[in-house]
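Participant: Sequence plus predicted model, see below.
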Amino acid sequence: MKKVLLVILDGLGDKAINALNNRTPLEAAFTPNLDYMAENGISGLIQPFQFMDEKHPTSEGAHIGLFGYKDYFLGRGPYEAAGVNMPLYEGDIALRVNFATINDQRLITDRRAGRIKDTDELIKALSGIEIKGVKFDIKRSNGHRAVLVLRGNNLSSEITSNDPGSEGEFPLKIKSKDPLADFTAEVLNEYLDKAYDILNDLEFNKNRQVPANYLLLRGAGQFKKIFSFKEKYGLMAACIAGGGLYKGIAKMIGMDVIDIPLLTADTDTNLLNKFEGVERALQNYDFVFLHIKGTDVCSHDGRYEDKKKFIEEVDKYFKTLLNIKDLLIVVTADHSTPSELKEHSSDPVPILIYGNGKDEVSHFSEREAKDGKLGLFEGKDLMDKILSFSKE
């Protein structure tokens with residue numbers, strides 16, 4: 001049986017851009033190694049998994065679908081918490097946090113507080129808060145992100161977000177989706193008011209042109225244990241990632257998360273360290289999941305030229321993996337993030353499988369992948385495909 005390397009280039013899929021001669025960033029990029037794998041492998045398209053109530057695929061939902069855990073989804077919060085090593089106990093509620101900026105009228109002026117990176121002082125100021133018997137624990141994640149955990153009695157994850165999704169609007173009130181969640185919504189709204197008062201009064205924020213004075217919350221989920229990747233597939237698995245969400249997803253399904261220096265969830269991640277880490281991990285594990293976030297970051301900022309360049313940079317590091325014996329390399333994305341749209345879409349994403357078989361495709365791209373032998377299939381079926389190719 002072959003070992004497996006699954007590489008997820010987050011948000012890789014895109015749409016044709018006039019400034020790139022009507023090509024996507026992937027099509028426009030110089031990718032000799034990805035093209036070599038496409039030419040000597042098998043290609044196709046994946047329809048990303050999304051839940052029925054979602055406008056478009058989310059990072060957490062799409063990944064959970066790819067790994068075959070769609071029926072055991074916990075909500076984004078617990079995965080984020082696991083990714084930053086926050087202790088979680090049965091019944092805890094975890095939420096994803098953005099440090100954001102609101103003005104004196106309480107309008108949101110920046111949903112990411114100028115993409116603030118150093119949030120230690122903010123986290124410290126918010127530590128130790130307890131409201132009506134509920135303890136609030138907050139911990140920094142990547143950049144402007146953090147994770148909030150509620151621990152107490154009578155808590156529920158059936159609550160709405162306070163994030164309207166765009167600047168120029170007022171934060172929303174947290175509401176319950178179920179009467180059993182009324183108390184959770186109540187204490188969270190109290191917490192948000194208290195957190196704003198604390199953050200807005202910090203000298204740290206008074207000295208910033210874009211103060212991080214508000215918390216936008218979403219992705220509420222309640223923690224419970226689920227069966228492991230090893231139990232489900234019989235494979236010892238490891239994860240290499242910079243983003244807390246992806247490390248958290250891996251950890252929650254029983255993968256070992258390998259800590260490597262200088263990894264981030266952005267284009268400044270140390271790609272050399274990532275790929276060297278992959279080579280080491282393949283010596284000890286049957287399945288290695290490598291997550292690369294920079295493609296998605298560029299798309300959300302509308303930086304299609306930077307996305308193209310980042311894809312070219314990533315491509316260079318595949319060269320050392322091509323001659324590893326008995327290795328199946330799978331390269332795809334969780335979802336598309338069109339650079340001119342600046343948000344996720346439901347468009348299919350390309351996939352290549354190198355190491356067992358060959359079709360007529362010669363380049364790795366959205367356009368050519370549709371002619372590949374794999375055809376179009378659902379994201380939830382990826383692991384079945386991988387297992388089939390790794391056993392042949």
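Facilitator: Cool, the structure landed.
Participant: what distance separates stretch 137-156 from the middle of the whole chain?
Facilitator: Mean-position distance between stretch 137-156 and its chain equals 17 Å (C-alpha atoms, centre = their mean, to the nearest Å).
Participant: how about that stretch as CSV, C-alpha atoms only?
Facilitator: Extracted in CSV, the C-alpha atoms of stretch 137-156 (Å, rounded to 0.1, in the frame of the first residue of the first chain):
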residue,chain,number,x,y,z
ASP,A,137,-11.5,31.9,28.3
ILE,A,138,-9.9,33.6,25.2
LYS,A,139,-6.7,32.7,23.5
ARG,A,140,-4.9,34.2,20.5
SER,A,141,-4.8,32.4,17.2
ASN,A,142,-3.2,33.6,13.9
GLY,A,143,-3.0,37.3,13.3
HIS,A,144,-6.3,39.1,14.1
ARG,A,145,-8.0,35.8,15.1
ALA,A,146,-8.6,34.4,18.5
VAL,A,147,-10.8,31.7,20.1
LEU,A,148,-13.3,32.1,22.9
VAL,A,149,-14.5,29.2,25.1
LEU,A,150,-17.5,29.3,27.4
ARG,A,151,-17.6,26.9,30.3
GLY,A,152,-20.5,26.5,32.6
ASN,A,153,-24.0,25.0,33.0
ASN,A,154,-27.0,25.2,30.6
LEU,A,155,-24.9,26.3,27.6
SER,A,156,-25.9,25.8,24.0
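Participant: For that stretch, give the mean pLDDT please.
Facilitator: On average, the pLDDT along stretch 137-156 is 94.
Participant: buried set for that stretch?
Facilitator: In terms of neighbour count (16 or more other C-beta atoms under 10 Å), stretch 137-156 has its buried residues at 137-152, 155-156. From N, CA and C alone the C-beta is placed, and that goes for glycine too.
Participant: Arg23 contacts Ala16, correct?
Facilitator: Yes. Counting by C-beta atoms under 8 Å, Ala16 is a contact partner of Arg23 at 6.0 Å.
Participant: between the two, who's got more neighbours?
Facilitator: For the pair Arg23 and Ala16, the greater number of neighbours falls to Arg23 (20 against 16), based on other C-beta atoms under 10 Å.
Participant: Paired strands for whichever helix or strand His291 is part of, with orientation please.
Facilitator: Using DSSP states H and E, His291 maps to strand 287-292. Pairing partners of strand 287-292, with direction, according to DSSP bridges: strand 3-9 (parallel), strand 237-240 (parallel).
Participant: With just CA atoms, put the first one into PDB.
Facilitator: The reference is to strand 3-9. What follows is strand 3-9, C-alpha atoms only, in PDB (Å, rounded to 0.1, in the frame of the first residue of the first chain):
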ATOM      1  CA  LYS A   3       1.800   6.200   1.600                       C
ATOM      2  CA  VAL A   4      -0.400   9.300   0.900                       C
ATOM      3  CA  LEU A   5       0.400  13.000   0.900                       C
ATOM      4  CA  LEU A   6      -2.700  15.200   0.700                       C
ATOM      5  CA  VAL A   7      -1.900  18.800  -0.100                       C
ATOM      6  CA  ILE A   8      -4.700  21.300   0.300                       C
ATOM      7  CA  LEU A   9      -4.000  24.700  -1.300                       C
END
